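fold the following.
(2 chains)
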Amino acid sequence: MSAGQAATAVIAGIGACLPERLVKNEEVSARLGLSDDWIRDRTGIEQRYVSAPHEATSDLAVDAGRRALDSCGNPDVDFVLLATCTPDSLFPATAPSVAARLGLKGVPAFDMNAACSGFIYALTIASSMIATGAFRSALVIGAEVVTPLLDQFDQVTSPVFGDGAGAVVLRRGEPGEPGSLLEQVMGSDGDLLDILVTPGGGSRMRVAGVPLDPDTAYLKMQGRLVYKYAVKHMAAASEEVLARTGWRPEDVDHLVAHQANRRILTATASAIGVPAERAVVNVERVANTSAASIPLALVDAMGQDRFKPGDRILFCAFGGGVTWAAATLVWPGLPATAPL
Amino acid sequence: MEAVLDRVNALVLKAVPELEPGFAAADSFADVLGVDSLSVVEIMTNVEKEFGFDFEDAEIAHVQNVQDILDAILSRQ
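Here you go, the predicted model:
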């Protein structure tokens, strides 16, 4: 690295995993009393993977982390950052357990919750930590087991979410090296916290003496407002990050957005001005996996040989909080990883 | 008002092209016309652009039919 130039963090490896149990729409629509095409028409989702009792968030995180490390020769890792809004326990954080089970006991390990925006938030934070020069490498994981938070008879949430995990290994790189985040934008609006929330179990309800019952423990979503604000904020964040990068919408080779819903993806691509065929979409087969969705989409796209080194990638996401984020990256060409 | 109604109906058909023209303003999007929730947001986004204002979140959450949209537009004029 040249004197005076900041270090960058480069993606060196990637991995992802899904739980074993595949749940097709037919099972969900029968439970909800809906027609077979109801879910697909509204969401683009055709199936999702649902965790079994032995597949908590840490279990999926360890699997994805192991695959990412294996893909790039098991390098040393200086810290572990886990993006999740579904930790194994409310306390303590899940990342230390994940690190220990990956043979990384002793390194800093912490959770970060920006809900569905979590993976881009975590990539940005980890990249910044490496850019300080204090750390040389990181394992960044997005892992979620959302399905136990769902009211199985709620038409709004029950069809939409699935479980999964994805991870990337970051290493210190040269300025301008492909695989580093070029620009990033993050934001939040806590006035909208009620549009996507699981209130039960947190201090707000505990301190008020509200008992934890199934109703408060379920994920609640105001679908119309989530749709409106997801498109609005993902498009605005994307436009801002493209401007900072010096890319026009038509320069983007691949839009890798949070896989919330096919219609949100289509509307977001249209609002940004990126042709729909350049949007990576795998929501039809994994549903919305929150912080895991972007690395899962990357691994799926790699499995289809969709990326080539030098391709310009735009990431964007929106999630509970509400939070949003966008980032740009030139694809580095990564070693093959285990397919999903 | 009829001119506004015509413009709103056109925006409904733009968002939901498969809908048969001739629906009534009081027809429920969900129960009568079979327009799903996200399409309602798309209709309202079209209206925001056409008429140059933003709906309140409560309006987005609760609009049931074209009449509700019409009322929201007229209350701003």
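
residues touching the residue nearest to residue A:148 when sequence neighbours are not counted, list them.
When the adjacent residues along the chain are set aside, residue A:148 lies closest to residue A:51, with 7.5 Å between them (C-beta to C-beta, 6 or more residues apart in numbering or on different chains). For glycine as for every other residue, the C-beta is placed from the backbone atoms N, C-alpha and C. Taking C-beta atoms under 8 Å, 6 or more residues apart in numbering or on different chains as the criterion, residue A:51 is in contact with A:19, A:21, A:60, A:145, A:147-148, A:163.

do you know the pLDDT at residue A:51?
We have a pLDDT of 97 for residue A:51.

same check on residue A:176?
At residue A:176, the predicted lDDT confidence score is 86.

pretty sure it sits in a strand.
No. Residue A:176: not assigned to a strand; according to DSSP: H, G, I helix; E, B strand; the rest coil it is coil.

what's the burial count for the residue lying closest to it once chain neighbours are set aside?
Leaving aside its sequence neighbours, residue A:176 sits nearest to residue A:8 (C-beta to C-beta, 6+ apart; 7.6 Å). Residue A:8 has 21 neighbours, counted by other C-beta atoms under 10 Å in any protein chain shown.

next up, phi/psi of residue A:14, please.
With angles defined as degrees, to the nearest 10, residue A:14 sits at phi -150, psi 150.

what about it, how many residues close to it?
Look at residue A:14: counted by other C-beta under 10 Å, it has 23 neighbours.

so what pairs up with it in the strands?
When bridges are assigned using DSSP bridges, the partners listed for residue A:14 are residue A:168.

that one is in contact with residue A:165, isn't it?
No. Taking contacts as C-beta atoms under 8 Å, residue A:14 lies outside contact range of residue A:165: 11.8 Å.

which neighbours do these two have in common?
Taking C-beta under 8 Å, 6+ apart as the contact criterion, the residues that touch both residue A:14 and residue A:165 are residue A:295.

helices and strands around whatever helix or strand residue A:232 lives in, which ones?
Residue A:232 belongs to helix A:223-245 when elements are defined using DSSP states H and E. Here helix A:223-245 touches strand A:181-188, helix A:262-272, strand A:312-319, strand A:323-330, helix B:37-51, helix B:57-62, going by 3 or more C-beta pairs under 8 Å, 6 or more residues apart in numbering or on different chains; DSSP states H and E.

mind giving me the packing neighbours of the longest one?
With contacts defined as 3+ C-beta pairs under 8 Å, 6+ apart, the secondary structure elements packing on helix B:37-51 are helix A:223-245, helix B:2-15, helix B:57-62, helix B:66-74.

in it, what's buried?
B:37-47, B:51 (16 or more other C-beta atoms under 10 Å in any protein chain shown).

can you list the residues of chain B near chain A?
On the criterion C-beta under 8 Å from any C-beta of the partner chain, chain A has as its neighbours in chain B the residues B:36-38, B:40-42, B:44-45, B:57, B:60-61.

for those, work out which two are farthest apart.
When C-beta to C-beta is used, the two most widely separated members of the residues of chain B next to chain A are B:36 and B:57, lying 19.0 Å apart.

what are the boundaries of the helices in chain A?
Taking DSSP state H, the helices of chain A run over residues A:25-32, A:36-43, A:57-71, A:95-101, A:118-131, A:203-207, A:214-217, A:223-245, A:262-272, A:283-286, A:293-303.

can you redo the ones you listed as TSV with mean neighbour count, mean pLDDT and distance to residue B:71?
Listed next are these as TSV, based on neighbours: other C-beta atoms under 10 Å in any protein chain shown; pLDDT from 0 to 100; distance: least, C-beta to C-beta, whole Å:
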stretch	mean neighbour count	mean pLDDT	distance to residue B:71
helix A:25-32	16	96	32
helix A:36-43	17	89	26
helix A:57-71	25	98	46
helix A:95-101	23	98	51
helix A:118-131	24	97	40
helix A:203-207	11	90	36
helix A:214-217	12	84	33
helix A:223-245	22	97	18
helix A:262-272	21	95	26
helix A:283-286	22	97	35
helix A:293-303	25	97	38
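
nearest to residue A:311, of these?
Across the helices of chain A, residue A:311 has its closest neighbour in helix A:293-303 (10.1 Å, C-beta to C-beta).

residue contacts, residue A:262?
With contacts taken as C-beta under 8 Å, 6+ apart, residue A:262 has the following neighbours: A:43-45, A:281, A:283-284.

nearest to residue A:80, of the residues you listed?
Here the nearest of those to residue A:80, counting by C-beta to C-beta, is residue A:283; it sits at 27.3 Å.

how close does the closest one sit to chain B?
Computed as C-beta to the nearest C-beta, to the nearest Å, the residue A:283 to chain B distance reads 14 Å.

now do the phi/psi pair for the closest residue to that residue other than its chain neighbours.
Once flanking residues are discounted, residue A:283 sits nearest to residue A:259: 3.9 Å by C-beta to C-beta, 6+ apart. Recorded main-chain torsions at residue A:259 are phi -80, psi 70, according to degrees, to the nearest 10.

hang on, residue A:259 packs against residue A:289?
Yes. The pair residue A:259 and residue A:289 qualifies as a contact (C-beta under 8 Å) at a distance of 7.0 Å.

need the overlap of contacts for the two.
Between them, residue A:259 and residue A:289 share these contacting residues under C-beta under 8 Å, 6+ apart: residue A:296.

what residues does chain A have near chain B?
Among all residues of chain A, those adjacent to chain B (criterion: C-beta under 8 Å from any C-beta) are A:41-42, A:222-225, A:227-228, A:261, A:263, A:267.

from those residues, pick the one nearest residue A:86.
Comparing the residues of chain A next to chain B against residue A:86 with C-beta to C-beta picks out residue A:261 as the nearest, at 18.8 Å.

how much space between that closest one and residue A:27?
Here the distance between residue A:261 and residue A:27 works out to 19 Å (C-beta to C-beta, to the nearest Å).

mind listing what residue A:152 touches?
For residue A:152, the contacting residues are A:31, A:158, taking C-beta under 8 Å, 6+ apart as the criterion.

quick check: phi and psi on it?
Main-chain torsions, residue A:152, degrees, to the nearest 10: phi -70, psi -10.

measure the closest residue to residue A:325 other than its chain neighbours to residue A:329 for me?
In space, not counting the residues next to it along the chain, residue A:325 is nearest to residue A:120; the distance is 3.7 Å by C-beta to C-beta, 6+ apart. Plainly put, residue A:120 is 10 Å away from residue A:329 if you go by C-beta to C-beta.
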